[in-house]
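Asker: For reference, the sequence and a predicted model appear below.
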Amino acid sequence: MKQLQVKILDSRIGQEIPLPEYATDGSAGLDLRACLEQDVELAPGETLLVPTGLAIYIGDPGYAAMLLPRSGLGHKHGIVLGNLVGLIDSDYQGQLMVSCWNRGDTAFELKVGERIAQMVIVPVLQTELEIVKEFETTDRGQGGFGSTGRH
Ligand SMILES: O=c1ccn([C@H]2C[C@H](O)[C@@H](COP(=O)(O)OP(=O)(O)OP(=O)(O)O)O2)c(=O)[nH]1
């Protein structure tokens, strides 16, 4: 399995705040936790940049990490990401930060150590642009939204 370098920036990580881990063998995401000094209340509509206490260094430009909301937190409590999706570049070495947005209509108590987002490592293809006059023909061509299956 591929290894990912991780730096612990807050001494509570690995102690009272667990290191991120895959919940099951088949989990795609590592849960990231709120490394806050104290519990905070997120008012409806409020966004807070929450430290995770961790830095990762991917190193290989063929990969990136994506921060995604946790489904339960988003659906039941309205806590999603202020940037919708966080993209972590392979050369980023700073602290992983999670923009927590309360899109719901009730206040949410965000607790120290709570799992706030999940991080998925994804392959990335960096490309060079090749300028052409025409593309080779495809079945779809320029047919956009809803253009298939209509008679
Ligand atoms: O939710 C996020 C999103 C980004 N980052 C870090 C990692 C990423 O590599 C860096 C820059 O993010 P991005 O490229 O999305 O930000 P930008 O607004 O386009 O700024 P920049 O000019 O720094 O690229 O910030 C986080 O910690 N959390």
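Answerer: Thanks, I have the structure now. Numbering: from 1, shown residues only.

Asker: Can you pull the poorly scored residue ranges out of the protein?
Answerer: Applying pLDDT under 70 to the chain flags residues 150-151.

Asker: and the residue nearest to the spatial centre of it, what does it touch?
Answerer: Taking C-alpha atoms, centre = their mean, the centroid of the chain lies closest to Leu67, which sits 0.4 Å from it. Residues in contact with Leu67 (C-beta atoms under 8 Å, 6 or more residues apart in numbering) are Leu32, Leu81, Val85, Gly86, Leu87, Ile88, Leu96, Val98, Ala117, Gln118, Met119. All C-beta atoms are positioned from the backbone trio N, CA, C, and that covers glycine.

Asker: Centre of the chain to the helix or strand harbouring it, how far?
Answerer: Assessed by DSSP states H and E, Leu67 sits inside strand 63-69. Distance, stretch centre to chain centre, for strand 63-69: 4 Å (C-alpha atoms, centre = their mean, to the nearest Å).

Asker: Run me through the strand neighbours of it, direction for each.
Answerer: strand 86-88 (antiparallel), strand 115-123 (antiparallel) (DSSP bridges).

Asker: Those strands: which one's closest to the ligand?
Answerer: strand 86-88 (2.2 Å; C-beta to the nearest ligand atom).
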